[in-house]
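S.K.: Let's see this in three dimensions:
(chains A and B)
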Number of protein chains: 2
Amino acid sequence: MTGLPERVTAAVLIIGDEILSGRTQDTNLRDIAKYLGVHGVDLAEARTVPDVHEEIIAALDALRARYDYVVTTGGIGPTHDDITADAVAAAFGVELYEHPDIIAMMTTRWGSELNAARRRMARVPVGGELVKNPVQGPPGFTIGNVFVLAGVPQIMRGMLEDVGPRLKGGAVTVSRTVRVEGSGEGAIAAPLEAVAKAHPAMSLGSYPFFGADGYGANLVLRGRDPDELAATVEELMAALRADGVQNVREVAVST
Amino acid sequence: MTGLPERVTAAVLIIGDEILSGRTQDTNLRDIAKYLGVHGVDLAEARTVPDVHEEIIAALDALRARYDYVVTTGGIGPTHDDITADAVAAAFGVELYEHPDIIAMMTTRWGSELNAARRRMARVPVGGELVKNPVQGPPGFTIGNVFVLAGVPQIMRGMLEDVGPRLKGGAVTVSRTVRVEGSGEGAIAAPLEAVAKAHPAMSLGSYPFFGADGYGANLVLRGRDPDELAATVEELMAALRADGVQNVREVAVST
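M.R.: Below you'll find the predicted structure:
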């Protein structure tokens, strides 16, 4: 592992009653996880909290102290329940101010319709920097190790593109998948564990599936050293076949 | 609000590297949130942690101390990365033992193929009770205020049916939705906030949408008192229309 940087970590903080009520299916966590992975940053934890000032602050403080980066989604719109900027500023002990660049953009867009609600979205904590929004509406912002993004998935994904260049990532974790069809996890656990123990730097996970098309498990191998990962894949397939497990094959390579 | 029980709360703890790597899209959070809501239990927080013993224990201890119930998903299969039972037992300071009912079920199912990996799934903390699995495989379990369910969505949903009868819920939160088309959130924030302030017991959230079919916002009103909720819906629609907002209508009633 010589020369590979240490692990760089991040947490996601999802802010919004609509996720906790079950009204909205979150998809931002997965998008952020994949995006960070490509940039050599491991998502290490995620939390979802309601639109409550103290809850946002408590979660943000816990996460930003522990991980290299925190990405928040949600709560930066113009309505009364959009309180993320207030909570982030409070967590950092700074004030919010109306960013002149955002006010200028809004004035161009809204003219005399630039009301108090819309001006809420121009508020940025002192010391923060803007995160570009290439989709629609005002930008996000970043302060310290925290990136504050929109909750609407299309906008969140657009903002992420301005987060990547600011990340100082480690070695990218690569993932390979061995698929076993027609055997349950109980039949493959022993060879899987033996190979996992022989390669402590690699992460081996087993994800069972079953349905109309049959059953089996996807065995996902992840690690930062592509050579050791390749060797681990070979050893795992050999160990499974030696144990009598049939229909073993590698199915995909993805990050 | 006379006669309505106090708020009953729960947290969800999602356990699994596959969620944090972005490989798997979680859907269990939303299913559990909806299920709990019907039973008068508010989902107040959710956390996602990796398959790491200490991380699971720390999150479980934080959540079970704070909320009335905790529901965990994932990590109860037969492979080496399935360590949820171990972590739950450690959090409660008890041992795991092989539950005779599960061993009996497994012996019927597997006979001489009942290997060590499969027996891992028969382990339950001392003092725990089984949670029925009507779908496939061994049951989940409950100990204290914690319910330990499978991660595979079909199985998780099946197990939930045996959780509901054990919940002591409060008044059910009811939700109604007012949809505004062709106006952005900036145009509706002021009347929305005024109505929200007049009804502090009701929760009013604004969820913007935009796409090929147009743009607007869904205004979701939630509360435990159906009469006040109905009055709030009427007041909100009147306030929006009085402010010149067009295309305002109620679109759905759901819990």
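
S.K.: A:L219 in helix, strand or coil?
M.R.: Assigned with DSSP: H, G, I helix; E, B strand; the rest coil, A:L219 falls in the strand class.

S.K.: check contacts around it.
M.R.: A:T177, A:V178, A:R179, A:V180, A:I188, A:L192, A:L204, A:G205, A:S206, A:Y207, A:L236 (C-beta atoms under 8 Å, 6 or more residues apart in numbering or on different chains). All C-beta spots, glycine's among them, are computed from the backbone N, C-alpha and C.

S.K.: Apply 7 Å and report the result again.
M.R.: A:T177, A:V178, A:V180, A:L192, A:L204, A:S206, A:L236 (C-beta atoms under 7 Å, 6 or more residues apart in numbering or on different chains).

S.K.: And A:E250, by the same measure?
M.R.: Applying C-beta under 7 Å, 6+ apart as the definition, the contact partners of A:E250 turn out to be A:R176, A:T177, A:V178, A:V233.

S.K.: cool, A:G214 as well?
M.R.: Under the criterion of C-beta under 7 Å, 6+ apart, the contact partners of A:G214 comprise A:E181, A:G182.

S.K.: partner residues bridging it?
M.R.: When bridges are called by DSSP bridges, A:G214 pairs up with A:G211.

S.K.: Show me the helices in the stretch 51-200 of chain A, by range?
M.R.: If you assign secondary structure with DSSP state H, counting those that start in this stretch, the helices in the stretch 51-200 of chain A sit at A:53-66, A:84-92, A:100-110, A:116-120, A:153-160, A:185-198.

S.K.: which residue packs closest to A:A89, ignoring adjacent ones?
M.R.: Nearest non-adjacent residue to A:A89, counting by C-beta to C-beta, 6 or more residues apart in numbering or on different chains: A:P125, 4.1 Å away.

S.K.: gap between the one you found and A:E95?
M.R.: 7 Å (C-beta to C-beta, to the nearest Å).

S.K.: Neighbour count for these two, which is higher?
M.R.: A:P125 (25 against 11; other C-beta atoms under 10 Å in any protein chain shown).

S.K.: Give me the buried entries from the contacts of A:L219.
M.R.: Burial by neighbour count, 16 or more other C-beta atoms under 10 Å in any protein chain shown: within the contacts of A:L219 this picks out A:T177, A:V178, A:V180, A:L192, A:L204, A:S206, A:L236.

S.K.: Rebuild those as TSV, extending it with pLDDT.
M.R.: As requested, the buried ones among the contacts of A:L219 are arranged in TSV below (pLDDT from 0 to 100):
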residue	pLDDT
A:T177	94
A:V178	96
A:V180	96
A:L192	96
A:L204	94
A:S206	92
A:L236	98
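
S.K.: Just give me the closest of the contacts of A:E250 to chain B.
M.R.: Within the set of the contacts of A:E250, A:T177 lies nearest chain B; the separation is 8.6 Å, counting by C-beta to the nearest C-beta.

S.K.: Contacts only, for the closest one.
M.R.: Applying C-beta under 7 Å, 6+ apart, one finds that A:T177 lies in contact with A:N218, A:L219, A:V220, A:E250, A:V251, A:A252.

S.K.: burial count for the residue in the stretch 151-255 of chain A that chain B sits nearest to?
M.R.: Of all residues in the stretch 151-255 of chain A, A:A189 sits closest to chain B, with a separation of 3.2 Å (C-beta to the nearest C-beta). A:A189 sits with 24 neighbouring residues when counted by other C-beta under 10 Å.

S.K.: returning to what we had before: may I ask which of the contacts of A:T177 comes out lowest in pLDDT?
M.R.: Going through these one by one, the lowest pLDDT turns up at A:A252, 73.

S.K.: what are the bridge partners for the nearest residue to it once chain neighbours are set aside, then?
M.R.: Distances taken as C-beta to C-beta, 6+ apart place A:T177 nearest to A:A252, at 5.0 Å, with adjacent residues excluded. Under DSSP bridges, the beta-bridge partners of A:T177 are A:V220, A:A252.

S.K.: Could you check how far A:T177 is from A:L63?
M.R.: Relative to A:L63, A:T177 is positioned 29 Å away (C-beta to C-beta).

S.K.: cool, and A:Y207?
M.R.: Taking C-beta to C-beta as the measure, A:Y207 and A:L63 are separated by 26 Å.

S.K.: now do A:P208
M.R.: Counting by C-beta to C-beta, the gap from A:P208 to A:L63 is 31 Å.

S.K.: what does A:A104 give?
M.R.: Look at A:A104 and A:L63: by C-beta to C-beta, they are 33 Å apart.

S.K.: Between those two, point out the one with more neighbours.
M.R.: Neighbours were counted for A:A104 and for A:L63 using other C-beta under 10 Å; A:L63 has more, 23 against 11.

S.K.: Return the residues in contact with that one.
M.R.: A:A11, A:L13, A:E45, A:R47, A:V70.

S.K.: Go ahead and confirm the last one touches A:R64.
M.R.: Yes: here A:V70 lies in contact with A:R64, judged by C-beta atoms under 7 Å, at a distance of 4.9 Å.

S.K.: Overlap in contacts, the two.
M.R.: Common contacts of A:V70 and A:R64 (C-beta under 7 Å, 6+ apart): A:N145, A:V146.

S.K.: more crowded one of these two?
M.R.: For A:V70 against A:R64, the residue with the higher neighbour count under other C-beta under 10 Å is A:V70, and the figures read 27 against 21.

S.K.: Next, the contact list for the residue of the stretch 151-255 of chain A closest to chain B, please.
M.R.: A:A189 makes contact with B:P78, B:T79, B:H80, B:A117, according to C-beta under 7 Å, 6+ apart.

S.K.: Tell me where the stretch 1-150 of chain A is predicted with low confidence.
M.R.: Counting by pLDDT under 70, the stretch 1-150 of chain A has low-confidence residues at A:1-5.

S.K.: Spell out which parts of it neighbour chain B.
M.R.: Residues of the stretch 1-150 of chain A lying close to chain B by C-beta under 7 Å from any C-beta of the partner chain are A:17-18, A:20-25, A:27, A:30, A:33-34, A:37, A:43-50, A:77-81, A:115, A:117-118, A:136.

S.K.: Restricted to helices, list the residues you listed.
M.R.: Among those, the members found in helices (DSSP state H) are A:D17, A:E18, A:L20, A:R30, A:A33, A:K34, A:G37, A:A117, A:R118.

S.K.: and these as TSV, adding neighbour count?
M.R.: Conversion of those to TSV gives the following (neighbours: other C-beta atoms under 10 Å in any protein chain shown):
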residue	neighbour count
A:D17	24
A:E18	22
A:L20	27
A:R30	19
A:A33	24
A:K34	16
A:G37	24
A:A117	22
A:R118	23
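
S.K.: and A:M237, how many neighbours does it have?
M.R.: Residue neighbour count, defined by other C-beta under 10 Å, stands at 19 for A:M237.

S.K.: What of A:V174?
M.R.: A count of nearby residues for A:V174, using other C-beta under 10 Å, gives 17.

S.K.: Kindly report the same for A:Y215.
M.R.: Neighbour count of A:Y215, defined by other C-beta under 10 Å: 15.

S.K.: Tell me the spacing between it and B:P139.
M.R.: Separation of A:Y215 from B:P139 (C-beta to C-beta): 19 Å.

S.K.: what's the angle from the helix ranked longest in chain A to helix A:185-198?
M.R.: What stands out as the longest helix in chain A, according to DSSP H, is helix A:226-242. Orientation note: helix A:226-242 sits at an angle of 140 degrees relative to helix A:185-198 (axes from the mean of the first three to the mean of the last three C-alpha atoms, to 10 degrees).
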